[in-house]
Structure formats: C-alpha cells, structure tokens
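> A predicted structure for the sequence below; I have some questions about it.
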Amino acid sequence: MTKLPESTPTPAPPRKRLFITLMGVTCLIVVAVIFLTWWIPNRGLANIHPELPHIVGIIMVTLSGVAILGTGLLVLTTALGKDIFLTRFMRLVVIKFLLPVIELVGRLTGLDKDRIRQSFIAMNNSLVISQKMKVKPDRILVLLPHCIQLSDCEIKVTGDIHKCAKCGRCCIKGLVEIGRKYSVDISVATGGTLARKVIVEKRPKLVLAVACERDLTSGIKDCYPLPVIGILNDRPFGPCFNTIVDVSKIDEALCQVLDQ
C-alpha cells in the first residue's frame, strides 16, 4: 500500500525575481534591436530624404520608451501588489509576448526551464491578485490534477471529489473540506483536454489551478483572458504520481479573491 511521506519538506515558494530579471534583459535586447533597426539603414534613409532618419529615430525612441515604461510598470505592479495601470493588458503582454522570449533567453543562457516557469507563475499570480478581484464562490473553480489522489485508492474522485472516503491518506480530504468551507466548486481532471472541457462547461470567472510547472504554464496561456492563480504541487515520488499540495496555500489564495 502506497503511503505519502510522513514529513515532506515544503518546497520553497517560487520567486518573481528571476522573471523580473529576465524581463529586464529582454527589454534591453528589444531596445538594442530597435536601435540597430534604425542605425543600420540610417545612411540609406538620408538618401531618400534628409529628415527621414530623424523621423524614424523619433519613432524608435518612442518604441524604446514604451518597452522600458512597460517593464517598469510590471515591476511596480508586482512589487506593490496594486493595479497601477492596465493590469489585464500587461498580463497579455507577459503571457503572449514576454514568456516565449524569456524562455528563449533562458535556453540560450542555460537556465532551468522549470525555474523560469515557477517565476512566471509567481509573476502571473501577483498580477491577478493585484487586480483586487472579488468573485462569488459559485464563480470560482478549483482545478486539481488526478495525481493528487493516491494511485492505489479504489475510490476514484475524477468527476466528483465528494466520493472521497476521507481516510486522510492523501490531500483530497483537506481539499473537500476547503470546498465545503467556502462553497467553491472543485474538480479533478485527468489531463489538459479534460481540464479545458471542465472550464468551458462551468464557465468560472476565476480558476485556482494546482499542477506542475509545465501544466500550469500552458494552462495559464490557454485560459487567457480568464484569470488563473497557479499553485505548484510537490512531487516526492516523481512527476504525475502521488503528488501533494499544501492545502493552506489554496485556503490563503481563496481568501484573497472570495467575495463573501
């Protein structure tokens, strides 16, 4: 009979610092590309019209300023935890533009991709929470991976978590109690396709998802503009097998967004 370790060290919370640092590097790269785009054909532009290099230069300086200002606003928003300016739009920029570029920069510099994903998830969570959303319990969906349940449990909770016998051998018991405490919907999905199906059917205003770095990152991207708060699971037996989640983190996250 499989048992979870009696004492599993809690993984260190993911930090936003790495993603912010990589954002700064990306911003510098963008500014450098903008400058080279202007500088290299500069003489040729002067041949077309003497004022054209100046006009193009103003446009390039403006684009550089937007890149620097946007990076600064993202840093301030996450540092202060306040919706300073167009947080939802900034989430779009981070998810659709910055993340792919930062992942590429990470690969080129040899950084571990899971560390980058962890930092991205922390950044995303900060942006979602900074919006100070207050959502009714019936519009929140807590989405769990099937590996959160012990593999040798005969009662499969996929589709209905309330089938749980509450033996306490895995995290499901605590999660059922969280669902009843806050009257929120909790679903267990066997994969990304089913997770998306559940979201479409239930139409929540906010998703609180538990998964590994890869699945959370892809889920946050796929669900945009739907806000997703990601909570990483712990994997003492390796990926996708008898994973663990700190139930108190789910409780804490719900307290920040619930309208009660």
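Received the coordinates, thanks.

> domain assignment for the protein?
Listed by automatic domain parsing, the domain ranges of the chain are 17-130, 137-257.

> just for this structure, where's the confidence low?
Within the chain, the segments meeting pLDDT under 70 span 1-14, 38-50, 52-53, 78-88.

> all helices for it, in order.
Assigned by DSSP state H, the helices in the chain fall at 17-39, 42-48, 52-80, 87-92, 99-109, 113-130, 172-182, 192-202, 213-223, 247-257.

> and the residue lying closest to Phe241 once chain neighbours are set aside, how many residues sit next to it?
Leaving aside its sequence neighbours, Phe241 sits nearest to Cys147 (CB to CB, 6 or more residues apart in numbering; 5.9 Å). Where you see a C-beta, it was placed from the backbone N, CA and C, and this is true even at glycine. By other CB atoms under 10 Å, the residues close to Cys147 number 23.

> ditto for the one 4 residues further on
When counting by other CB under 10 Å, one arrives at 12 neighbours for Ser151.

> who are the neighbours in contact with the residue nearest to Phe241?
By CB atoms under 8 Å, 6 or more residues apart in numbering, the contact set of Cys147 is Asn233, Cys240, Phe241, Asn242, Thr243.

> Quick one, which of those are buried?
With burial judged by 16 or more other CB atoms under 10 Å, the buried subset of the contacts of Cys147 is Asn233, Cys240, Asn242, Thr243.

> Pretty sure the third one sits against His146.
No - look at Asn242 against His146 with CB atoms under 8 Å: they stay out of range, at 11.0 Å.

> Ignoring the adjacent residues along the chain, who's closest to the most centrally placed residue in the chain?
The residue lying closest to the centre of the chain (CA atoms, centre = their mean) is Ile121, at 3.2 Å. Distance criterion CB to CB, 6+ apart; nearest residue to Ile121, sequence neighbours excluded, is Gly230 at 4.3 Å.

> quick one: that neighbour from Leu98, how far?
Counting by CB to CB, to the nearest Å, the separation of Gly230 from Leu98 is 16 Å.

> With Lys221 instead?
For Lys221, the distance to Leu98 equals 12 Å [CB to CB].

> Please name the bridge partners of the residue nearest to Asp185 when sequence neighbours are not counted.
In space, and not counting its chain neighbours, Asp185 is closest to Leu141: 5.3 Å by CB to CB, 6+ apart. Applying DSSP bridges to Leu141 gives these bridge partners: Asp185, Val207.

> how close does Gly70 sit to Leu63?
Counting by CB to CB, the gap from Gly70 to Leu63 is 11 Å.
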